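# predicted structure and sequence below. I'll ask about it afterward.
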Amino acid sequence: MTTPAMTDAPIPPVDLVAERAQLGSALDEAVLKTLHSGTYVLGPEVAAFERDFAQAHRAKHGVAVGSGTDALILALKALGVEPGDHVVTSPFTFFASAGSIAWIGAKPVLADIDPATGLMDVDAARAACDSKTTCVLPVHIYGQLVDLKAYRKLADEKGIKLLEDAAQAHAAERDGLRAGEVGDAAAFSFYPTKNLGTAGEGGAILCNDDAVLTTLQRLRDHGSSAKYQHAMVGTNSRLHAMHAAILNVKLPYLEDWNQKRRANAKRYDELFAGSDVVRPLTVAPGSTHAYHQYGVRVSGDGARDRVLSGLHERKIFAAIHYPRPVHLQEAAASWGYGPGDFPHAEQLSNEILCLPIHPFLTPEQLERVASSVLELAS
Ligand SMILES: Cc1ncc(COP(=O)(O)O)c(C=O)c1O
């Protein structure tokens, strides 16, 4: 029976303590084993993870790096994007997607989203390509893949590279394809709160081309072709062995955890079905969503913010991912955009609310979240 104390218990956006409890002593043992091995950077744990993570996505190669941001930056470089090039990406994303483009001296060119899914619209992306465009960088926002076949077609048509921002889309699928399968490269993050996360920072790039693999392996290690032989200028972005050991323990659970997220989403969808104020984002046909986030639109002036603060008062930790689109960030001031340029992204930023969806959410917690949202929104 539910006690009053349980009814008031906080509902966090993720529950890494519960995740750790499910893994038992396996994590401790993997970390200790690595500590005793004396190999702390790259090495066999990293190599095993690269192999298994690539295999899980049916990609040929994996290269593990220091973060999801580094994965994007190094992938852009390995795909030949040069300073001054234009790279088309979404305004509705975590800033790193566009920031990585600017960081290497290329220009982020933005294209509006499909308001139903939050994903960059492929026709808008096509229209944003010009003679300087060398790469298109769609974001699999919230864990739903973009239409990969359409993006592959666009990239081939324009003779440009397709780099997927898959930071939120571990093991997601669309039309039988996973991130990294048809893109020239796909960049993943293993930040602790991701569907597959380590106990710190981590990232990886998947690719299918042997030459891109070699370039990535060099770029993450100061361009080394052999010890103290530097074939190119690179950086230091090598995944730590302990992070790989943690990821190796967790990887076999990923499909089951994603399945639980999908079951939670299905239940939320049922509970919100009758509401015209709280509207879940839609799932494209043929999509197996990884539900890194479960987003609902709360319409009405100030309604979303009212619901959010009401939820926080009830210790339900919903969140806004992301409250301000990329083109309206201070850091983007010189990119030539202003308010009104991407109306769908702007409206979604004003209406979006992300609810706890993690695999350890109990049915009671989920019902409490949904009933609170509906009550506060009415
Ligand atoms: C869409 C997206 N791209 C890139 C990143 C960057 O990954 P990291 O935080 O591991 O650098 C994130 C992380 O939140 C993300 O959500």
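That came through fine. Nothing here was measured: the structure is a model prediction, and the numbers come from that model.
# next, please give the residue ranges for the helices of the protein.
Along the chain, counting by DSSP state H, helices occupy 4-8, 16-23, 26-37, 44-56, 68-78, 96-103, 122-128, 148-158, 210-219, 241-250, 254-272, 303-313, 343-351, 363-377.
# show me what from the stretch 151-300 of the chain comes close to the ligand.
Counting by Cβ under 6 Å from any ligand atom, the positions of the stretch 151-300 of the chain adjacent to the ligand are D165, A167, Q168, S189, Y191, E201, G203. All C-beta atoms are positioned from the backbone trio N, CA, C, and that covers glycine.
# centroid-nearest residue for this structure?
Nearest to the mean C-alpha position of the chain, by Cα atoms, centre = their mean, lies Q168 at 1.9 Å.
# any idea which residue of this protein lies closest to the ligand?
Closest residue of the chain to the ligand, Cβ to the nearest ligand atom: G68 (2.4 Å).
# quick check, the residue nearest to the centre of the chain in contact with Y142.
Yes - here Q168 reaches Y142: they are 6.0 Å apart, a contact under Cβ atoms under 8 Å.
# in the protein, what helix or strand scores lowest on average pLDDT?
helix 4-8 (a mean of 58; mean pLDDT, DSSP states H and E).
# any idea how far S378 is from L271?
14 Å (Cβ to Cβ, to the nearest Å).
# still on that earlier bit, may I ask which two of the residues of the stretch 151-300 of the chain next to the ligand are separated the most?
Across these, the longest distance by Cβ to Cβ is 16.5 Å; it joins D165 and E201.
# those two: who's more crowded?
For D165 versus E201, the count of surrounding residues by other Cβ atoms under 10 Å is larger for D165: 31 against 20.
# find the nearest non-adjacent residue to that one, please.
Leaving aside its chain neighbours, D165 sits nearest to V139 (4.1 Å; criterion: Cβ to Cβ, 6 or more residues apart in numbering).
# how about C207?
Nearest non-adjacent residue to C207, counting by Cβ to Cβ, 6+ apart: A185, 4.5 Å away.
# same check, this time on M232
The shortest distance from M232 to any residue other than its chain neighbours is 3.8 Å, reached at G223 (Cβ to Cβ, 6+ apart).
# residues contacting that neighbour?
Contacts here follow Cβ atoms under 8 Å, 6 or more residues apart in numbering; on that basis G223 touches H230, A231, M232, V233, G234.
# quick check: PyMOL command selecting the buried ones in the residues you listed.
A single PyMOL command is used to select the members of those judged buried by 16 or more other Cβ atoms under 10 Å:
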select buried, resi 234
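# the contacts of G223 in strands, which ones?
Among these, the subset assigned to strands under DSSP state E consists of H230.
# tabulate the contacts of G223 (CSV), appending pLDDT.
Formatted as CSV, those follow (pLDDT from 0 to 100):
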residue, pLDDT
H230, 97
A231, 96
M232, 96
V233, 97
G234, 97
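# any chance of the contacts of G223 in TSV, with distance to E181 too?
Compiled in TSV, those are given as follows (distance: Cβ to Cβ, whole Å):
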residue	distance to E181
H230	32
A231	29
M232	27
V233	30
G234	26
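# out of the contacts of G223, which is nearest to G80?
Out of the contacts of G223, the member with the shortest distance to G80 (by Cβ to Cβ) is M232, at 12.2 Å.
# doesn't P115 make contact with Q347?
Yes - counting by Cβ under 8 Å, Q347 does reach P115; the two are 6.7 Å apart.
# contact partners for the nearest residue to I316 once chain neighbours are set aside?
With sequence-adjacent residues excluded and distances taken as Cβ to Cβ, 6+ apart, I316 is closest to I11, at 4.7 Å. The contact partners of I11, by Cβ under 8 Å, 6+ apart, come to K315, I316, F317, P356, L361, Q365, R368, V369.
# count of residues packed around the nearest residue to the first one once chain neighbours are set aside?
Translated: K315. Take K315 and drop its neighbours on the chain: the residue closest to it by Cβ to Cβ, 6+ apart is P10, 4.0 Å away. If you count neighbours by other Cβ under 10 Å, P10 ends up with 10.
# fine, thanks again, bye for now.
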